[in-house]
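Trainee: Just the structure for this:
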Amino acid sequence: MMNAKRIPFLSRAGLAALAACAGLACGRVAAAEAVVPTAPAPLVVASLNPILTDIARQVGGDAVTVIEILKPGENPHSFTPAPDDLRRMQEAVLILAAGKGLERYLDDVRGSLTATQRLIEVGQHLPGLPAPAAHDHDHDHSGDQGGGAARGPYLICPDGDMVGDDPHWWQSIANVQRAARIVATAFVQEQPGRAAEFRRGQIAYVAQLDLLTSWVRQEVARIPPDGRKLATAHAAFSYFCSAYGFQAVPIQGLTAEQEPSPVYLREVVDTIRREHVRAIFPEVGTNPKILENMVRETGVRVGGRLLAGTPAPEAPTYEDMMRYNVATIVKALAPAP
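Mentor: So this is what the prediction gives:
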């Protein structure tokens, strides 16, 4: 009969030692697990403009949650946040506004903020172009220029009592690049531990917009300089015109809601004829009747619809919007190959 293997005998002291070692090992594992850093929660930002929504997402990536207050395709001039929008803003640490007087409801937003929230008017930190003032339009029109006195990139100045800067600063790609830096800086101030991540997002987006700028210049070069006259539904493209050598011919004022006077409309007709403007560009959400009458009187053809205030479902990002607008303008104004 074979002898069974003997199980080694451990004294009480030995068992105690083993238990102590096991406990020490478990303690080390628990300690190691305890020091594993947890990622901070995403920075919550509310955006009052789809351009800023896109910038925030480009800069912040997954580290940022953006609450969209104004949606793509909505009119930033006529929008007013509902009580539910104000409640949703309470979840955000930062509220981003376009500024330059675009959001006339900002006092209501300020009044709803807590001490831990910040409202940033991005446009206030960007170079601006003066909006054409009403008195510019009241000059003697008997000179060679005709129409309302030209100012800045305007071939003719629209009706309306407009003071300060044109708020459509995003029509300048360089301004959007500056805005990305402003937004990144605000994010870093709120979450310094993510500074490198936010700056990487900013740098990548600015580089992306450099490529967009090169493409725009290449496309616009297809239009001869004397053909760069941009007749649009309202005065929203002065930054674009200034950047790329166009002259603006707005049919309505700084907002699409401003109805032009009969006198101004007659001056627009005269300017379009005299300057050999090749096309009139309607915009999404503007009054089509005014443009239809203008087309009938001038015989000028209608170009495609432009996106002035915000991106739209067919062009949901800022880059998409700019490519859409430039392609539409070039198609209408460039000579046939």
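Trainee: Pretty sure Ser214 sits in a helix.
Mentor: Yes. Ser214 forms part of a helix when assessed by DSSP: H, G, I helix; E, B strand; the rest coil.
Trainee: tally of neighbours for it?
Mentor: 10 (other CB atoms under 10 Å). Bear in mind the C-beta positions are built from the backbone N, C-alpha and C, glycine included.
Trainee: cool, and Asp62?
Mentor: 9.
Trainee: Find the nearest non-adjacent residue to it, please.
Mentor: Pro42 (7.1 Å; CB to CB, 6 or more residues apart in numbering).
Trainee: Give me the phi and psi for the one you found.
Mentor: phi -60, psi 150 (degrees, to the nearest 10).
Trainee: residues in contact with it?
Mentor: Contacts here follow CB atoms under 8 Å, 6 or more residues apart in numbering; on that basis Pro42 touches Gly60, Asp62, Ala63, Val64, Thr65.
Trainee: Give me the buried subset of the residues you listed.
Mentor: Gly60, Ala63, Val64, Thr65 (16 or more other CB atoms under 10 Å).
Trainee: Next one: the residue nearest to Asp62 from Gln117, what distance?
Mentor: Using CB to CB, to the nearest Å, one obtains 16 Å as the distance from Pro42 to Gln117.
Trainee: where exactly do the strands run in this structure?
Mentor: Listed in chain order, the strands found in the chain under DSSP state E are 43-47, 64-68, 94-97, 118-121, 229-232, 247-250, 279-281, 301-302.
Trainee: Which secondary structure elements does the first one sit against?
Mentor: Strand 43-47 sits against helix 50-60, strand 64-68, strand 94-97, helix 173-190, with contacts defined as 3 or more CB pairs under 8 Å, 6 or more residues apart in numbering; DSSP states H and E.
Trainee: Excluding residues flanking it in the chain, which one is nearest Leu86?
Mentor: Nearest to Leu86 is Ser112, by CB to CB, 6+ apart, at 4.8 Å.
Trainee: Glu259 too?
Mentor: Nearest to Glu259 is Gln252, by CB to CB, 6+ apart, at 7.2 Å.
Trainee: Next, count neighbours for the one you found.
Mentor: Neighbour tally, Gln252, other CB under 10 Å: 26.
Trainee: Correct me if wrong: it contacts Ser261.
Mentor: No. In this structure Gln252 lies outside contact range of Ser261 using CB atoms under 8 Å: 10.7 Å.
Trainee: any low-confidence regions in the stretch 151-300 of the chain?
Mentor: For the stretch 151-300 of the chain, the stretches flagged by pLDDT under 70 are 151, 159-163, 255-257, 285-287.
Trainee: 80 instead?
Mentor: Within the stretch 151-300 of the chain, the ranges that satisfy pLDDT under 80 run 151-152, 157-163, 253-259, 284-288.
Trainee: Arg301 and Thr185, how far apart?
Mentor: Taking CB to CB, one finds Arg301 at 46 Å from Thr185.
Trainee: ok, these two, which is more surrounded?
Mentor: Thr185 (16 against 10).
Trainee: what's the burial count for Arg88?
Mentor: Around Arg88 there are 15 residues (other CB under 10 Å).
Trainee: What's the per-residue pLDDT of the residue lying closest to it once chain neighbours are set aside here?
Mentor: The shortest distance from Arg88 to any non-neighbouring residue, by CB to CB, 6+ apart, is to Ile67 (5.5 Å). In this model, Ile67 is scored at 98, pLDDT.
Trainee: residues touching Ile67, list them.
Mentor: Ile67 touches Val44, Val45, Ala46, Ser47, Arg88, Met89, Glu91, Ala92, counting by CB under 8 Å, 6+ apart.
Trainee: and the residue lying closest to Leu94 once chain neighbours are set aside, how many neighbours?
Mentor: Spatially, and ignoring its direct neighbours in sequence, Leu94 is nearest to Val45 (4.7 Å; CB to CB, 6+ apart). Residues near Val45, counting by other CB under 10 Å, number 26.
Trainee: Would you agree Val45 is in contact with Ala56?
Mentor: Yes. Contact criterion CB under 8 Å: Val45 and Ala56 qualify, at 5.3 Å.
Trainee: Surely Val109 is in contact with Asp85?
Mentor: No. Applying CB under 8 Å as the test, Val109 and Asp85 come out as separate, 9.1 Å apart.
Trainee: Kindly provide the distance from the residue lying closest to Met322 once chain neighbours are set aside to Val176.
Mentor: Closest residue to Met322 apart from its sequence neighbours, by CB to CB, 6+ apart: Leu212 at 6.2 Å. Distance of Leu212 to Val176, given as CB to CB: 9 Å.
Trainee: Leu307 now?
Mentor: In terms of CB to CB, Leu307 sits 14 Å off from Val176.
Trainee: More neighbours: which of the two?
Mentor: Set side by side, Leu307 and Val176 show unequal neighbour counts under other CB under 10 Å, the larger going to Val176 at 25 against 21.
Trainee: That one: what's it in contact with?
Mentor: Ile51, Ile55, Trp170, Leu209, Tyr318.
Trainee: Not counting sequence-adjacent ones, nearest residue to Thr114?
Mentor: Here the residue nearest Thr114, using CB to CB, 6+ apart, is Gln90, at 7.2 Å.
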